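**Student:** Fold the following, please.
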Amino acid sequence: MSHSEGHIVLLAPMTGPVVPLANVPDPVFSGGMFGDGIGIDPLEGRLVAPCDGTITHLARTGHALLERYGMTETNMNTSNPYRGARIPGSVGLPLPGVEIRIADGDGDPLPHGEIGMIEVRGPNVFQGYWRMPEKTQAEFRKDGFFITGDLGMIGPDGYLRIVGRGKDLIITGGLNVYPREIESLLDDLPGVEESAVVGLPHEDFGEGVTAFLVLKKDATLSEAGVLDSLRDRLARFKLPKRVIVLDQLPRNAMGKVQKSTLRQDYAALYR
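**Tutor:** Numbers count the residues shown, from 1 in each chain. This next block holds a predicted model:
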């Protein structure tokens, strides 16, 4: 019996329960039936410990993850090649007919290697929000590019890398901090189940970098110990000013971490 090639596309909240199944010698996951395609939601880009995640998945199943980038308003925008070089940590190249650019706050294109807003134009992009002309106008440039709300950069190889959500960018003391960089380091610490990093109002710095952790069962970590672990791995302005341990991170019905809830609940932390 022969199987035709296909692929599975998963939003990030779904990958947690599914990826561990790679330990199970099931033909659906270890055979040639699926192409192991992952649709990354940049809000939860934690299959973004992409380098480690991709290598681990390859070792367990014999298949390399196919990382892609899409969203409700645009469908699929970019993809690593189905056959060819797949770059761990990137979401690949624009699909045929799709234009991707990195722009500053005014919509002016930025050169490769610089971080900015990901903007998309092409036949895959929707025409606008239903009965919301003001929102539609606000999220489209005059030249037709859709403002995704995601921050990213295009490398010298032309591959797109997602850095995070624009609304999650932390500006502390006039310097930009991208939460995902800190979250990746926190998630690698022994005893840490997951993390979320947000900016909270701070009198002196504008925003204070703040880390929230959920620990693994029976794990114990002190705030001082976490900060000591990060001190030699982050620039000083990126170090969290506080580390707070929670039983769980707030999530919506789709399983996405609600950083807005953390910002609201802890808004007075530095006051």
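**Student:** In which helix or strand does the nearest residue to residue 179 once chain neighbours are set aside reside?
**Tutor:** Setting aside the residues directly before and after it, residue 179 is nearest to residue 197 in space (C-beta to C-beta, 6 or more residues apart in numbering), at 3.9 Å. Placement of C-beta: from N, CA and C, glycine included. Using DSSP states H and E, residue 197 sits in strand 192-202.
**Student:** ditto for residue 176
**Tutor:** Counting by DSSP H and E, residue 176 is found in strand 175-177.
**Student:** The following helix or strand past that strand vs strand 192-202, what angle?
**Tutor:** Next helix or strand after strand 175-177 toward the C-terminus (DSSP H and E): helix 179-187. On the basis of axes from the mean of the first three to the mean of the last three C-alpha atoms, to 10 degrees, helix 179-187 is oriented at 140 degrees to strand 192-202.
**Student:** Distance from the chain centre to helix 179-187, please.
**Tutor:** 11 Å (C-alpha atoms, centre = their mean, to the nearest Å).
**Student:** same check, this time on stretch 85-92
**Tutor:** Mean C-alpha position of stretch 85-92 versus that of the full chain (C-alpha atoms, centre = their mean) differs by 14 Å.
**Student:** gap between the two ends of that stretch?
**Tutor:** 9 Å (C-alpha to C-alpha, to the nearest Å).
**Student:** do stretch 130-143 as well
**Tutor:** Start-to-end span of stretch 130-143 (C-alpha to C-alpha) is 21 Å.
**Student:** May I see the buried residues of it?
**Tutor:** For stretch 130-143, the neighbour count (16 or more other C-beta atoms under 10 Å) marks 139, 140 as buried.
**Student:** With stretch 66-82 instead?
**Tutor:** Neighbour-count burial for stretch 66-82 flags 66-71, 73-74, 76-80 (criterion: 16+ other C-beta under 10 Å).
**Student:** Restricted to strands, list the residues you listed.
**Tutor:** Judged by DSSP state E, the buried residues of stretch 66-82 include 66, 67, 68, 69, 70, 71, 76, 77, 78, 79 as members of strands.
**Student:** Out of the residues you listed, flag the one nearest to residue 233.
**Tutor:** residue 67 (24.4 Å; C-beta to C-beta).
**Student:** Quick check: the gap between that closest one and residue 81.
**Tutor:** 11 Å (C-beta to C-beta, to the nearest Å).
**Student:** again, but for residue 253
**Tutor:** 34 Å.
**Student:** can you give me the strands in this structure?
**Tutor:** For the chain, the strands defined by DSSP E occupy 37-40, 66-71, 75-79, 93-94, 99-103, 116-121, 146-154, 160-165, 170-172, 175-177, 192-202, 206-215, 242-245.
**Student:** Next, format those strands as a markdown table and append mean pLDDT and distance to residue 270.
**Tutor:** Putting the strands of the chain into a markdown table (pLDDT from 0 to 100; distance: least, C-beta to C-beta, whole Å) gives the following:
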| stretch | mean pLDDT | distance to residue 270 |
| --- | --- | --- |
| strand 37-40 | 51 | 32 |
| strand 66-71 | 93 | 33 |
| strand 75-79 | 96 | 38 |
| strand 93-94 | 96 | 41 |
| strand 99-103 | 98 | 32 |
| strand 116-121 | 98 | 28 |
| strand 146-154 | 97 | 24 |
| strand 160-165 | 94 | 22 |
| strand 170-172 | 97 | 11 |
| strand 175-177 | 96 | 15 |
| strand 192-202 | 98 | 5 |
| strand 206-215 | 98 | 5 |
| strand 242-245 | 98 | 8 |
